[in-house]
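A.B. asks: Pasted the sequence and its predicted model underneath.
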Amino acid sequence: MFLADFKAVTKMGLSISVVFSSLAGYLLAADSVHFQTLILLAIGGYFMVGASNVFNQIIERDLDALMERTKNRPIPAARMSVTYAFILAIVLTIGGLSILYSINERTAMFGAISICLYTSAYTPLKTKTPLSVFVGAIPGAIPFMLGWVAATGKFGIEAGILFMLQFFWQFPHFWAIGWFLHEDYQKAGFNMLPTGKQDKGTALQTIIYTVWTILISIVPVFGFTGRLQLSVVAMILTLAAGSWFLYFGFRLFKNQTNKAARQLMLSSVIYITLIQIIYVSDKFIRLWI
């Protein structure tokens, strides 16, 4: 039971996907791969994301109890006390920051910024304004960039591009989720969609931000992004993945159904994973050739 509740309160699936992004960023930047650093980044990253999720569920426990999707989480279901959850969040925060600091100071700094923005800005804004998605996209975009900083100890144009790629990707991803969970979110007063409604205005903005994501993803091929580079073949693969992602954005615009929104959400997850794999694979292929 403890393990199941720990997985739920730290949102293990989400946390692992964040760790994957960080590891991809590290592999993309590292001149030589240090497995000890990879392990520290994975554990520290999981702790930081897990802590953010625990703090989030403490703050939103009464709202979570109102929604079908979240009412059985450990805290609203009273399987875990608020005191116990708070202690767990503090332990994860201190442990995560300490581990990331052992890699380098900037990695810990960005980890701290991420957890601070997520819990202190994004979480309370969710019931106030759709702009919460913009605020939440900032900590959500840090992981890919965090891996680069962990490998280099620097934040430059390379890390900036990785940040921007995942930043713009957040919008179609979360608006798709906000669309098919709209009725459930309304029970808790969450305002996630840009127009506040499941309409063509929301779908159009989803398409626009998807296009921005695709455009940013091919920037490294032009050769002015420092050590972050992309071959022509990798660019073509990136565009193919982006076109497939964009197709589901147009499907949502045309059909305006929960099914189309779910398909867009799933395609967004597959897309960002593919892009990270393409980027990392392209780097190592170019090194071997």
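C.D. replies: Thanks, I have it.
A.B. asks: ok, L266 - how many residues close by?
C.D. replies: Residues lying near L266 (other CB atoms under 10 Å) number 12. Backbone N, C-alpha and C define where each C-beta goes, glycine included.
A.B. asks: Quick check: mean pLDDT of the one helix or strand I216 maps to?
C.D. replies: Applying DSSP states H and E as the criterion places I216 in helix 200-217. For helix 200-217, mean pLDDT is 96.
A.B. asks: care to break this structure down by domain?
C.D. replies: Here the domain assignment for the chain is 1-154, 156-289, based on automatic domain parsing.
A.B. asks: could you list every residue that touches S268?
C.D. replies: Residues in contact with S268 (CB atoms under 8 Å, 6 or more residues apart in numbering) are 169, 172-173, 176, 245.
A.B. asks: and if we set it to 10 Å?
C.D. replies: With CB atoms under 10 Å, 6 or more residues apart in numbering as the criterion, the residues that contact S268 are 169-177, 206, 210, 213, 245, 248-249.
A.B. asks: Which strands or helices does whichever strand or helix holds S17 pack on?
C.D. replies: Assessed by DSSP H and E, S17 sits inside helix 12-29. Packing contacts for helix 12-29, counted by 3 or more CB pairs under 10 Å, 6 or more residues apart in numbering; DSSP states H and E, involve helix 2-9, helix 35-59, helix 105-117, helix 132-152, helix 157-180, helix 258-288.
A.B. asks: hmm, back to that, which strands and helices lie in contact with the helix holding I216?
C.D. replies: helix 157-180, helix 232-255, helix 258-288.
A.B. asks: switch to 7 Å and redo it
C.D. replies: helix 157-180, helix 232-255 (3 or more CB pairs under 7 Å, 6 or more residues apart in numbering; DSSP states H and E).
A.B. asks: Distance check, the spatially closest residue to W212 that is not a sequence neighbour against Y209.
C.D. replies: Distance criterion CB to CB, 6 or more residues apart in numbering; nearest residue to W212, sequence neighbours excluded, is F168 at 4.6 Å. F168 is 6 Å from Y209, where distance means CB to CB, to the nearest Å.
A.B. asks: so where's the stretch 51-200 of the chain shaky on pLDDT?
C.D. replies: Residue ranges of the stretch 51-200 of the chain with pLDDT under 70: none are present.
A.B. asks: Just want the angle from the helix holding I216 to helix 157-180.
C.D. replies: With axes from the mean of the first three to the mean of the last three CA atoms, to 10 degrees applied, the angle from helix 200-217 to helix 157-180 works out at 160 degrees.
A.B. asks: List of residues touching helix 200-217?
C.D. replies: Contact with helix 200-217 is made by 161, 164-165, 168-169, 171-172, 175-176, 179, 193-195, 238-239, 242, 245-246, 249-250, 252-253, 256, 275, as judged by CB atoms under 7 Å, 6 or more residues apart in numbering.
A.B. asks: okay if I get the helices and strands packed on helix 12-29 as TSV plus distance to K126?
C.D. replies: As requested, those are arranged in TSV below (distance: least, CB to CB, whole Å):
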stretch	distance to K126
helix 2-9	18
helix 35-59	9
helix 105-117	13
helix 132-152	5
helix 157-180	10
helix 258-288	18
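A.B. asks: for these, which one sits closest to R79?
C.D. replies: With CB to CB as the measure, helix 2-9 is the member of the helices and strands packed on helix 12-29 nearest R79 (5.7 Å).
A.B. asks: ok so, going back, check which residues of the helix holding S17 are buried.
C.D. replies: The neighbour-count check on helix 12-29 (16 or more other CB atoms under 10 Å) flags 12, 15, 18-29 as buried.
A.B. asks: quick one: which of those residues is nearest V232?
C.D. replies: Of all these, V232 sits closest to L28, with 18.0 Å by CB to CB.
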